[in-house]
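# Below are the sequence and a predicted model for it; my questions follow.
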Amino acid sequence: MEKIQAKPDKKEIDGDYSNVSLRPLDPSDVDDVMVWVTDDKVSKYCSWDTYTSKDEAMNLIVDVIVPHPWFRAICLKGRPIGAILVKPNKGNESCRAEVGYHLASKYWGKGIATRAVKLVASTIFIEWPHLERLEALVDVDNMGSQRVLEKVGFKKEGVLRKYYLLKRRPIDMVMFSLLSSDPQFEISNELYRA
Amino acid sequence: MSGSSSPSITLRPFRLADAPDMMLWAGDDQVTRTLRWKTLTSIEEAVTFIEEVCIPHPWRRSICIDGRSIGFVSIFQGSGEDRCKADIGYAIAAKYWGQGITTKAVKIAVSNVFIDLPDVVRLQAFVYMDNLASQKVLEKSGFMKEGLLRKYSYIKGNIKDSLVYSFLSTDAIPANS
């Protein structure tokens, strides 16, 4: 099982929150998954409603997460505390893919999502060589998530009005993109240095 | 002032009998350059295309001058959580470019689509940077430019940037100038 690990940023104090890694999820992770899928604060900006049972969470893992083309747990010191996924496109749209992520609310504000998105950005263009554009769509009200993408180096391209039905309500979304040719790719050098 | 001599621009569904007229625009590389459509090479191909693609399409109309097909407008609605939005595309024969005809046709389409497709609240269009004529059509029709999407999609072998425009069901169509 492939594991991608971020080296701690030299500028930051080597604290609890730098040991961030990504790995696939499996049914044995259901208790950890329950922590964030049952949290209203997490589901607020996600397309799904808050989960209320372990059976539902198990169905999510088996029917949606495991078969997904690219779905990873965001782990802190090896323990899943959230998820990050990349949705590919077919045909003429295969040059672009969309990244999405969510994190248990207790771990917000500590740079973890930023690390996780950087890890994905540094690997996805290598795993999918035909990919040129990684995009992300964020609710205009979700400032935390917009900051994550800005810190990773995504470029804000505009606000798409009434773009998506979130829980049956059309919402305005900010479009961000990162290109394989964008210059902020020093993370990949860090990762592969001995 | 006596009756206007300007031609009557209308939108209607395609018919098999449009095939010869369709060759004049869908058979022209200049017109299909920005479309996903392959340039048509024969009337037989046009007949097949009308029968298998244009007629079954959920919302595709022929742009007509005095009843004859000179182009098209298509609106394609998303599904699931994307059903609140629809993509609009259009093209007309090169000989009719620069006369405000496409703008008239897009305005007619926009005035009908929110009734025809009641779940749609957003019409969106993707246009290349070098396609200034199409950008003008959208601006004159009341669309709002929202941004530039970098390396957004392939068309005919090239990955290109796209400008994205939108028109909401709550927006107003500008009066004819």
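Received, thanks. Numbers count the residues shown, from 1 in each chain, chains lettered A, B, ... in the order given.
# Just want the residue of chain B that's nearest chain A.
Residue nearest to chain A within chain B (Cβ to the nearest Cβ): B:Gly147, separated by 2.1 Å. Using the backbone N, CA and C atoms, a C-beta is placed for each residue, glycine as well.
# what pLDDT does residue 60 get?
No chain specified, so I'll use chain A. pLDDT recorded at A:Leu60 is 96.
# Not quite, go with chain B.
Reported pLDDT for B:Arg60: 98.
# Also B:Tyr154?
Here, the pLDDT recorded for B:Tyr154 equals 88.
# Helix, strand or coil: sort out the closest residue to it other than its chain neighbours for me.
Leaving aside its chain neighbours, B:Tyr154 sits nearest to A:Asn92 (4.6 Å; criterion: Cβ to Cβ, 6 or more residues apart in numbering or on different chains). Here A:Asn92 is helix, with the state taken from DSSP: H, G, I helix; E, B strand; the rest coil.
# likewise A:Ile81?
Put simply, A:Ile81 is strand when judged by three-state DSSP.
# now it: how far from A:Thr50?
17 Å (Cβ to Cβ, to the nearest Å).
# With neighbour numbers in mind, choose between those two.
A:Ile81 (19 against 14; other Cβ atoms under 10 Å in any protein chain shown).
# Report the contact partners of that one.
A:Ile81 makes contact with A:32, A:35-36, A:73-75, A:103-104, A:106-107, A:112, according to Cβ atoms under 8 Å, 6 or more residues apart in numbering or on different chains.
# 7 Å - rerun?
A:74-75, A:103-104, A:107 (Cβ atoms under 7 Å, 6 or more residues apart in numbering or on different chains).
# Pull out the buried residues from the longest helix along chain A.
Secondary structure assigned by DSSP state H gives helix A:112-127 as the longest helix of chain A. Neighbour-count burial for helix A:112-127 flags A:112-125 (criterion: 16 or more other Cβ atoms under 10 Å in any protein chain shown).
# mind exporting stretch A:24-32 as CSV, just the C-alpha atoms?
In CSV, the C-alpha atoms belonging to stretch A:24-32 read as follows (Å, rounded to 0.1, in the frame of the first residue of the first chain):
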residue,chain,number,x,y,z
PRO,A,24,-6.6,4.3,1.0
LEU,A,25,-9.5,3.6,3.4
ASP,A,26,-11.0,0.2,4.1
PRO,A,27,-13.9,-1.1,6.2
SER,A,28,-11.7,-1.5,9.3
ASP,A,29,-11.5,2.3,9.4
VAL,A,30,-15.3,2.7,10.0
ASP,A,31,-14.9,4.1,13.5
ASP,A,32,-12.5,6.8,12.4
